[in-house]
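Trainee: Got a sequence here, can you model it:
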Amino acid sequence: MIGFGGSLRRKLSSVVLLTTLVALIVALGAMVVYDLYAYRQGWISNVSAQAELLGSTSAPALEFDDARVAQENLALLRFQPKLRAAAIYGARGGLFASYVANGKHGDFPDLPGVEGVSVEHGSLIVFKRIEAHGQILGVVYLRADYELYDRLLSYAGIALSVAIIALLVAWLMSLWLHRIVTGPILAIGATAREVVERRDYSRRVEKRSDDELGALVDAFNDMMRETERRTEALEASSREKGREVDERRLAQQEVTRLNEELERRVQERTAQLELLNTDLAVATAAAEGANRAKSEFLSNMSHELRTPLNAIIGFGNLLESADTKNFTPEKRRSFVEHIVTAGSHLLTLINDILNLAQIDAGKVSLSIEPVPLAGVLEECRAMTEPLAVERNIRLLFPLDSDMRVHADRTRLKQVLINLLSNAVKYNRDSGSVVIDCTRPLPGRIRISIQDTGIGISSEQLQALFQPFNRLGQESGAQEGTGIGLVVTKRLVELMGGSMGVTSESGTGSQFWIELDAESPRATSIAARHDVIELPNPDASAHSISTVLCVEDNPASLELLKETLALRNDLRLLFASNGHEGVAMARRHLPDVILMDNNMPVLNGREAQAILRRDPTTAGIPVIALSANAMPAAIADGLAAGYFRYLTKPVDLLALGEALESALKLAAARKGF
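Mentor: Residues are numbered from 1 along each chain as shown. The predicted structure is shown next:
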């Protein structure tokens, strides 16, 4: 690629010069080929006409056997400087008369050749029969200079000169284009460097046009304004906190003074104060222990968050660097796989932390109902079997089970998948995992999962259910967060059950959960399925639907664009902020709107409220896309009127289902 490793200026110049060069080669090549072809045809026609004329004037001389007249006719060819030699042959093939230009060689053929035109050794040779009264009287022979190759070299020189001049003009124009195209981009880069070096967020880039580059400059300036605003707010908050610290220090000093005065006044109560001090020391020790536990928790969480971020940022920087041309497609694909894997691990960690926080806050809502174990175990088998097959690990599930437990079906499935995944991950290759369902006590059902892995020592068992404690597996080959078992145990306890483990180093482990049992019933309840298949729309069934995507983040907008471009029944519109989204919705009246909930100036909820108040857009379903995954935010968004509330990173299957439902609603309102 032209200028692959160079700057933007060099790339733009290379494109302009290469385009000009290709155009010149095509144009000049066509002109030269056409001119040479016309020259050849014209010269052949001219020499053939000379031969025809010479034959007509020499026919009487041949009839009367007058060689002198024929010689005089040939002598007239001296006015044609490009004709080097000519001859007239009699009817029997003998040389009748000849002509040779000054300084040229004759070299006449002994016998005339076949009538026609040929090119030999840079000469054009013509044989033409002389006919009169239906009889062949002889043959005219002409040999002329054929300057096609000299003419080609002359044109090549002209073409080279024209190409050099045109490339010089193109290069000068590319310098002019640099100021128009790359000037704003380079200005943004320079401003960004100054902001990073000086921490001066008041810097702005001058807008020079209203095109896409102008929009880029506006977006950069808006970002700088928002950064400046948030920085000022942070500094104000820091000053306020400093003031509060000072006030608290003064208050502490006042408290100390009062305590000293009180101690002087109540010496008789020294014993009671000593007892109070002892209690205070115990409380202080407990607080210090809590602080140490909190610090250790935050340290572990920071490590777990930074580890996948290191892979994402590191490989992202490698792909962004100017030396990516040195990477093979396989290596770049490997980098992307590392980024996706680290991102998935980071998302799992965030989900586990949110689950743990919700459980600790008592905000987990459970739907306790009779759950058939057979259906749940079958779904767990389908989800964990691919991981087991990769390492040749056998999964042994109960052949048939009519047991039913009191539990939340979704949370029970989450618990079992976590335990099964651990049993496979920390197992040995070609090992096995045995799942069993028993009744240890009346009214209780125990689900046990036994593996043939490395096992857990007695010392490690004591720290098994501590957050972020992976029992020495942090540097192992298997990824994990150290939160899954904590969340699993608390979910089981919330469902009224208990969880335990037995293990021995080197022989494997057995994790089990116990839940309340439900008596078997004659009628079975169909198992629910958590997998949502992406709809397969038929574009021919209805007219093309219009979807408006409102997203201020370029990367998220590009992801939406590439995802929805796979469907051939959608017409896509894009807006980069709330104001633009409202304007485009009123102008185009799309069938569905995908709205980012967190945008500057006008956020998604405000834009959605404006559309609902407008009678022309009130009926358009709006699907929220937000990085705020807290349950309260989701509930508030749905209460505000969103058709669906999807959290980022967006599940593409969930997006497809929500979009299809919204399109059906829009079609129903239109009367399809």
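Trainee: what ranges do the strands span in the stretch 301-450 of the chain?
Mentor: All strands of the stretch 301-450 of the chain, identified by DSSP state E, counting those that start in this stretch, fall at 369-372, 394-396, 404-407, 432-438, 444-451.
Trainee: Could you list every helix and strand that the second one packs against?
Mentor: Of the remaining helices and strands, those touching strand 394-396 by 3 or more Cβ pairs under 8 Å, 6 or more residues apart in numbering; DSSP states H and E are helix 373-390, strand 432-438. Every C-beta, even on glycine, is put in place using the N, C-alpha and C of the backbone.
Trainee: Show the average pLDDT along the last one.
Mentor: Within the predicted structure, the mean pLDDT of strand 432-438 is 90.
Trainee: and if you look at stretch 24-31?
Mentor: pLDDT averaged over stretch 24-31 gives 77.
Trainee: which parts of it are buried?
Mentor: Leu24, Leu28 (16 or more other Cβ atoms under 10 Å).
Trainee: Residues in contact with that stretch: which ones?
Mentor: With contacts defined as Cβ atoms under 8 Å, 6 or more residues apart in numbering, stretch 24-31 is touched by Ala159, Val162, Ala163, Ala166, Leu167.
Trainee: hmm, try it at 7 Å
Mentor: Residues from elsewhere that reach stretch 24-31 (Cβ atoms under 7 Å, 6 or more residues apart in numbering): Ala159, Val162, Ala163, Ala166.
Trainee: want to try CSV for these, with neighbour count and secondary structure as columns?
Mentor: Putting these into CSV (neighbours: other Cβ atoms under 10 Å; DSSP: H, G, I helix; E, B strand; the rest coil) gives the following:
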residue, neighbour count, secondary structure
Ala159, 17, helix
Val162, 14, helix
Ala163, 15, helix
Ala166, 17, helix
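Trainee: I'd like those as a markdown table, with pLDDT and distance to Ala635 appended.
Mentor: What follows is the contacts of stretch 24-31, written out as a markdown table (pLDDT from 0 to 100; distance: Cβ to Cβ, whole Å):
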| residue | pLDDT | distance to Ala635 |
| --- | --- | --- |
| Ala159 | 77 | 74 |
| Val162 | 81 | 73 |
| Ala163 | 79 | 70 |
| Ala166 | 80 | 67 |
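Trainee: Can you pull out the low-pLDDT segments for the stretch 551-672 of the chain?
Mentor: Scanning the stretch 551-672 of the chain for pLDDT under 70 picks out 671-672.
Trainee: can you give me the helices for it?
Mentor: Using DSSP state H, counting those that start in this stretch, the helices of the stretch 551-672 of the chain run over 554-564, 578-588, 604-613, 631-639, 652-670.
Trainee: among the ones you listed, which is nearest Ala187?
Mentor: helix 554-564 (18.8 Å; Cβ to Cβ).
Trainee: If you count neighbours, what's buried in that closest one?
Mentor: Residues of helix 554-564 classed as buried: Ser556, Leu557, Leu559, Leu560, Leu564 (neighbour count, 16+ other Cβ under 10 Å).
Trainee: closest one to Leu665 among the strands of the stretch 301-450 of the chain?
Mentor: Counting by Cβ to Cβ, Leu665 lies closest to strand 369-372 out of the strands of the stretch 301-450 of the chain; the figure is 29.7 Å.
Trainee: can you give me the offset of that closest one from its chain's centre?
Mentor: Distance, stretch centre to chain centre, for strand 369-372: 43 Å (Cα atoms, centre = their mean, to the nearest Å).
Trainee: Against which helices or strands is that strand packed?
Mentor: Other helices and strands packing on strand 369-372, by 3 or more Cβ pairs under 7 Å, 6 or more residues apart in numbering; DSSP states H and E, are strand 404-407.
Trainee: how about the strand it packs on: buried residues?
Mentor: Quick answer for strand 404-407 (16+ other Cβ under 10 Å): Arg404, Val405, His406, Ala407.
Trainee: cool, stretch 561-580 as well?
Mentor: Buried residues in stretch 561-580, counted by 16+ other Cβ under 10 Å: Leu564, Arg567, Leu570, Leu573, Phe574, Ala575, Ser576, Asn577, Gly578, His579.
Trainee: Next: stretch 404-417.
Mentor: Across stretch 404-417, burial judged by 16+ other Cβ under 10 Å covers 404-409, 411-417.
Trainee: Quick check: closest non-adjacent residue to the spatially most central residue of the chain.
Mentor: Using Cα atoms, centre = their mean, the residue of the chain that lies closest to the mean C-alpha position is Leu559, 6.9 Å off. Distances taken as Cβ to Cβ, 6 or more residues apart in numbering place Val650 nearest to Leu559, at 7.8 Å, with adjacent residues excluded.
Trainee: Count residues in the vicinity of Val217, would you?
Mentor: Look at Val217: counted by other Cβ atoms under 10 Å, it has 21 neighbours.
Trainee: That one sits in which helix or strand?
Mentor: Taking DSSP states H and E as the criterion, Val217 maps to helix 212-265.
Trainee: Ok, Val140 next?
Mentor: With DSSP H and E as the criterion, Val140 is inside strand 135-145.
Trainee: same deal with Ala75?
Mentor: Going by DSSP H and E, Ala75 is part of helix 67-75.
Trainee: name the helices or strands packed onto the helix or strand following that helix?
Mentor: Downstream of helix 67-75, the next assigned helix or strand under DSSP H and E is strand 83-90. Judged by 3+ Cβ pairs under 7 Å, 6+ apart, the packing partners of strand 83-90 are helix 8-63, helix 67-75, strand 95-100, strand 135-145.
Trainee: change it to 6 Å
Mentor: When contacts are defined as 3 or more Cβ pairs under 6 Å, 6 or more residues apart in numbering; DSSP states H and E, strand 83-90 packs onto strand 95-100, strand 135-145.
Trainee: Tell me the one of the buried residues of helix 554-564 nearest Val336?
Mentor: Among those, and counting by Cβ to Cβ, the member closest to Val336 is Leu559, at 14.0 Å.
Trainee: Rebuild the contacts of stretch 24-31 as JSON lines, extending it with distance to Val492.
Mentor: JSON lines is the format used below for these (distance: Cβ to Cβ, whole Å):
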{"residue": "Ala159", "distance to Val492": "84"}
{"residue": "Val162", "distance to Val492": "84"}
{"residue": "Ala163", "distance to Val492": "80"}
{"residue": "Ala166", "distance to Val492": "79"}
